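**Student:** Curious how this folds, go ahead:
(4 chains)
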Number of protein chains: 2
Amino acid sequence: MRAALRVIDTEGDRALSMRRVAAELGVYPTAVQHHVNTKEQLLVAVSDAVLDEMVMPSPDVDWVEWLEVFSAQLRAVLHAHPNVVPVMAARLRVATGAFTLSEQLLAALAGAGFTGAALRGAYNSVIGFVFGWIFTELAAEPAADEDAWRQDLRSRLERVDPAEAPTLAVHVDDLRNRAFMMRWMSGQSNPLDDSFEFAVRVMVSGLQAQLDRQ
Amino acid sequence: MRAALRVIDTEGDRALSMRRVAAELGVYPTAVQHHVNTKEQLLVAVSDAVLDEMVMPSPDVDWVEWLEVFSAQLRAVLHAHPNVVPVMAARLRVATGAFTLSEQLLAALAGAGFTGAALRGAYNSVIGFVFGWIFTELAAEPAADEDAWRQDLRSRLERVDPAEAPTLAVHVDDLRNRAFMMRWMSGQSNPLDDSFEFAVRVMVSGLQAQLDRQ
DNA sequence: ACCTGAACACCGTTCAAGT
DNA sequence: ACCTGAACACCGTTCAAGT
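**Tutor:** This is a model prediction of the structure:
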């Protein structure tokens, strides 16, 4: 449903309702129900529509480059619809329609040399790490009125007690608003580009290490 | 709020409402509001309460073991409250209260040899990978009435077309209901233990590789 | 097949009032 | 400080009815 994606993109996932979508289409609330049965199905459809925008890497490249491109492309797609991400992250029933993404990722990993349980492990590592990392990056900010929280977090990071948190106290300038659990802005307005690239390197070289051990 | 966690644990996150919590406490709906202001704050409080159950690894062990124990402990805590996980995954404002988790993770990574931008990268890799992987594992199953979807997914995995998805067709027996995007059960009822252990090995050896390169 | 229109049970939140 | 009680605007969903 195009209209639903438009609402969620512009007004956030909290604003999405069957009735709001109906209004967007200039139609009665129950008319939406006729097309989509339930709100849950609408949310799944929106998530799937976003993932359909994913452009998969060429199967011809080296598996390392394949994974780097895959990760960057997925992140680009999810950053294009940040408000959909919390919805997508919460549901199992997403992207289970066609298996094209899974097939191509499996092909890349099988081409790298993974087989059997290691192929499953590598596949689940890549999906869980890349999706999961971006889910965490794009977690929803609190509603607009809560900048008391923002201010509180900022000021507590201004004066970290070296007795309580010695390591943090030393490195806080590198971490403030640039590290998970120490951010007051979500990845939408404050993307963590260099950390994502670091994480992808960790993942790729970790997979390489598993291959070497085989 | 203890009562809220009880409701969400036993009846799921969809069932949680201010009014339901009030009923659980035998009190008027508006009395709950007096303690917690807003539903958003209640959900954050519940998420934080779950994370407070986390038992951090001893700082004395080797950083590799530290990360393995950390990952396993975090997963145990989140599996103890699977219904809270989709709520936690969606919000930025979680675990920003005390910095004890961050401090201890930073200490372990600094002890391993990470500094500066690499420390930030390693920290964000671990948080994003471990939390994110478990978020993905524990995504919410569709409401009970939707086992039409379950049946459909199962049957499509019974007969994967080798022309359309050749790699998947070969490995489908290893992957059916045990791989992301090919599951009809969430990690709550269908934990992916061996894939998690594989993923942790990938992460740890990937971090090791970054250290070696420094 | 697609939409209207009314209705139901539920929701978060506000506000005035009590103790 | 803590709770009652009524009210408001909104919600997802059902059902009968129209074309």
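
**Student:** C-alpha only now, for contacts and for neighbours.
**Tutor:** Noted.

**Student:** Touching the longest helix along chain A from outside, list them.
**Tutor:** If you go by DSSP state H, chain A has its longest helix at helix A:193-213. Contact partners of helix A:193-213, identified using C-alpha atoms under 8 Å, 6 or more residues apart in numbering or on different chains, comprise A:64, A:67-68, A:71, A:113-114, A:122, A:126, A:129-130, B:118, B:120-122, B:124-125, B:201-207, B:209-210.

**Student:** Likewise for stretch A:79-95?
**Tutor:** In contact with stretch A:79-95 (C-alpha under 8 Å, 6+ apart) are residues A:8-9, A:12-13, A:43-44, A:46-48, A:50-51, A:78, A:132, A:135, A:138-140, A:188, B:86-87, B:89-91, B:135-136, B:138-142, B:181, B:183-186.

**Student:** Just the buried residues of the contacts of helix A:193-213.
**Tutor:** A:64, A:67-68, A:71, A:114, A:122, A:126, A:129-130, B:118, B:120-122, B:124-125, B:201-207, B:209-210 (16 or more other C-alpha atoms under 10 Å in any protein chain shown).

**Student:** can you tell me the helix or strand for the residue in chain A sticking out farthest from the centre?
**Tutor:** Centroid-distance maximum for chain A: A:Ala163 at 35.5 Å, with C-alpha atoms, centre = their mean. Assigned by DSSP states H and E, A:Ala163 belongs to no helix or strand.

**Student:** distance of it from B:Met54?
**Tutor:** Spatial separation of A:Ala163 from B:Met54 under the definition C-alpha to C-alpha, to the nearest Å is 22 Å.

**Student:** go on, A:Met88?
**Tutor:** Separation of A:Met88 from B:Met54 (C-alpha to C-alpha) stands at 26 Å.

**Student:** For chain A, give me the ranges with low pLDDT.
**Tutor:** Counting by pLDDT under 70, the ranges of chain A that qualify are A:144-145.

**Student:** Which positions in it make contact with DNA strand D?
**Tutor:** A:15-20, A:29-30, A:33, A:37-40 (C-alpha under 7 Å from any atom of the strand).

**Student:** Tell me, how many residues neighbour A:Arg75?
**Tutor:** A:Arg75 is flanked by 22 other residues according to other C-alpha atoms under 10 Å in any protein chain shown.

**Student:** can I have stretch A:206-214 written out in PDB, keeping just the CAs?
**Tutor:** Taking C-alpha atoms only, stretch A:206-214 is exported to PDB below (Å, rounded to 0.1, in the frame of the first residue of the first chain):
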ATOM      1  CA  GLY A 206      35.500 -13.000  10.900                       C
ATOM      2  CA  LEU A 207      33.900 -15.100   8.100                       C
ATOM      3  CA  GLN A 208      37.200 -15.400   6.400                       C
ATOM      4  CA  ALA A 209      38.700 -16.800   9.700                       C
ATOM      5  CA  GLN A 210      35.900 -19.500   9.800                       C
ATOM      6  CA  LEU A 211      36.800 -20.500   6.200                       C
ATOM      7  CA  ASP A 212      40.500 -20.700   7.100                       C
ATOM      8  CA  ARG A 213      39.700 -23.000  10.000                       C
ATOM      9  CA  GLN A 214      37.700 -25.400   7.800                       C
END
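
**Student:** Determine how far it lies from the middle of the whole chain.
**Tutor:** 26 Å (C-alpha atoms, centre = their mean, to the nearest Å).

**Student:** likewise stretch A:75-94?
**Tutor:** 6 Å.

**Student:** Can you tell me how far the residue in chain A positioned nearest to DNA strand C is from A:Val87?
**Tutor:** DNA strand C sits closest to A:Tyr28 of chain A, with a gap of 3.3 Å, by C-alpha to the nearest atom of the strand. For A:Tyr28, the distance to A:Val87 (C-alpha to C-alpha) stands at 25 Å.

**Student:** Then A:Gly26?
**Tutor:** 25 Å.

**Student:** And for A:Thr30?
**Tutor:** From A:Thr30 to A:Val87 the distance is 23 Å (C-alpha to C-alpha).

**Student:** Show me which of the two is the more surrounded one.
**Tutor:** Between A:Thr30 and A:Val87, A:Val87 has the larger neighbour count (other C-alpha under 10 Å), namely 23 against 12.

**Student:** Can you classify the more buried one by secondary structure?
**Tutor:** What DSSP: H, G, I helix; E, B strand; the rest coil gives for A:Val87 is helix.

**Student:** Name the residue in A:Met88 and B:Met54 with the higher neighbour count.
**Tutor:** Set A:Met88 next to B:Met54 and count neighbours by other C-alpha under 10 Å: A:Met88 wins out with 26 against 16.

**Student:** how much space between A:Ala45 and A:Ala143?
**Tutor:** 25 Å.

**Student:** Specify which residue of these two has the higher count of neighbours.
**Tutor:** Set A:Ala45 next to A:Ala143 and count neighbours by other C-alpha under 10 Å: A:Ala45 wins out with 20 against 9.

**Student:** got the contact list for whatever helix or strand the more buried one lives in?
**Tutor:** Assigned by DSSP H and E, A:Ala45 belongs to helix A:39-51. Identification of contacts with helix A:39-51 by C-alpha under 8 Å, 6+ apart yields A:1-2, A:4-5, A:17-18, A:36, A:77-78, A:81, A:84-85, A:87-88, A:91, A:93-95.

**Student:** Just the buried residues out of those, in PyMOL syntax.
**Tutor:** Typed into PyMOL, the line below selects the buried ones among these, using 16+ other C-alpha under 10 Å:
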select buried, chain A and resi 4+5+17+18+77+78+81+84+85+87+88+91+93+94+95
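
**Student:** which bits of chain A sit near DNA strand C?
**Tutor:** Residues of chain A found near DNA strand C (C-alpha under 7 Å from any atom of the strand) are A:27-32, A:34-35.

**Student:** Nearest residue to whatever residue of chain A ends up closest to DNA strand D in space, please, no chain neighbours.
**Tutor:** Nearest to DNA strand D, among the residues of chain A, is A:Ser17, at 3.1 Å (C-alpha to the nearest atom of the strand). Distance criterion C-alpha to C-alpha, 6 or more residues apart in numbering or on different chains; nearest residue to A:Ser17, sequence neighbours excluded, is A:Lys39 at 7.6 Å.

**Student:** What is the burial count for the one you found?
**Tutor:** Count around A:Lys39 with other C-alpha under 10 Å applied: 14.

**Student:** Equivalent analysis for A:Phe131, please.
**Tutor:** Neighbour count for A:Phe131, taken as other C-alpha under 10 Å: 25.

**Student:** what are the phi and psi angles of it?
**Tutor:** phi -60, psi -50 (degrees, to the nearest 10).
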